[in-house]
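**Student:** okay, structure incoming, though there's no sequence with it:
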């Protein structure tokens, strides 16, 4: 029997996700919500999405609440996405890095880890191994588990330059055929942690660069302002704040100056 996600039920998930993660689901996402949650309805043998919503917010299944959040906040990512950012990092930012302390980057919506590992490769190519620190965070525990594993299907490696692929990745054999894994040295260099960008941050220290890419498109203007205002105190003076090429901080903050499209600097 087909189970249809009714408009009123979609509204409930929409309000919950906005209150929990600051993410605004448009009506166009209704089919995505229905598709991603359908297996969970079958798992609990439920007959409606409203029953599932009651189950996750009832408090009896906290792990299921997190799983629902994971399912609705997982977004596409890939290695060396928007390569101009990594070129700017290696050509303009890293040559000026201080040698008196580690250079620190925060990948603030790191999803399943591709952005963080891309950054790790760029940092490793440009700085001594003990001269940089990398922090990755996401709201989803599920994608963070994959990020920590550094283990991906082989077709996900297609955007990694061949020299870097050979240097930092290991191709699976036997039962792991068709996959690859980021080498242990890089995996252990990155600290991944669950962080909800709309909630208070833990003590993270100061960063030289913050990447906040492909996440603000899901925030309304008010949420964008609040999130960026919370992040700016964690960015060193002179540090860089990088958003997606499809995003802009115009009207969001006056605490950063635009250097080149999608790349901002804190005075």
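**Tutor:** Received the coordinates, thanks. Computed from a predicted structure; not experimentally measured.
**Student:** show me what counts as buried in the helix or strand bottoming out on mean pLDDT in the chain.
**Tutor:** When the helices and strands of the chain are scored by mean pLDDT, DSSP states H and E, helix 62-73 comes last with a mean of 88. Judged by neighbour count using 16 or more other Cβ atoms under 10 Å, the buried positions of helix 62-73 are 64-73. Yep, even glycine has a C-beta here, placed from its N, CA and C like the rest.
**Student:** strands of this structure, start to end?
**Tutor:** Ranges of strands in the chain, per DSSP state E, are 103-107, 132-138, 151-153, 169-171, 179-182, 190-194, 207-212, 235-243, 257-260, 263-265.
**Student:** where does the stretch 1-150 of the chain dip in pLDDT?
**Tutor:** 1, 74 (pLDDT under 70).
**Student:** can you show me the helices along it?
**Tutor:** Here the stretch 1-150 of the chain has its helices, by DSSP state H, counting those that start in this stretch, at 7-21, 30-43, 49-57, 62-73, 83-88, 114-126, 141-149.
**Student:** now distance to residue 235 too, for the ones you listed, in CSV please.
**Tutor:** Formatted as CSV, these follow (distance: least, Cβ to Cβ, whole Å):
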stretch, distance to residue 235
helix 7-21, 22
helix 30-43, 33
helix 49-57, 35
helix 62-73, 24
helix 83-88, 16
helix 114-126, 16
helix 141-149, 22
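**Student:** highest mean neighbour count out of those helices?
**Tutor:** Scoring the helices of the stretch 1-150 of the chain by mean neighbour count under mean count of other Cβ atoms under 10 Å gives helix 114-126 as the most buried, with a mean of 23.
**Student:** which elements pack onto it?
**Tutor:** helix 83-88, strand 103-107, strand 132-138, helix 162-168, helix 184-189, strand 190-194 (3 or more Cβ pairs under 8 Å, 6 or more residues apart in numbering; DSSP states H and E).
**Student:** let's have these in TSV, adding distance to residue 257.
**Tutor:** TSV is the format used below for these (distance: least, Cβ to Cβ, whole Å):
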stretch	distance to residue 257
helix 83-88	15
strand 103-107	20
strand 132-138	24
helix 162-168	32
helix 184-189	31
strand 190-194	29
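**Student:** so how many other residues sit close to residue 4?
**Tutor:** Residue 4 has 9 neighbouring residues, counting by other Cβ atoms under 10 Å.
**Student:** next, give phi and psi for it.
**Tutor:** phi -100, psi 140 (degrees, to the nearest 10).
**Student:** gap between it and residue 10?
**Tutor:** 10 Å (Cβ to Cβ, to the nearest Å).
**Student:** common neighbours of those two, please.
**Tutor:** Contact criterion Cβ atoms under 8 Å, 6 or more residues apart in numbering; residues shared by residue 4 and residue 10: residue 34.
**Student:** thought residue 233 was touching residue 205, still the case?
**Tutor:** No: because the distance of 11.1 Å does not satisfy Cβ atoms under 8 Å, residue 205 is recorded as not touching residue 233.
**Student:** name the residues of stretch 201-219 that are buried.
**Tutor:** For stretch 201-219, by 16+ other Cβ under 10 Å, it's 204, 207-216, 218-219.
**Student:** what does that stretch contact?
**Tutor:** Against stretch 201-219 from outside (Cβ under 8 Å, 6+ apart): 22-24, 75, 77, 81-82, 85, 89, 93, 97, 103-109, 115, 119, 135, 193, 195, 197, 224, 227-228, 230-231, 234-236, 239-244, 246-247.
**Student:** tally of neighbours for residue 154?
**Tutor:** Neighbours around residue 154, by other Cβ under 10 Å: 14.
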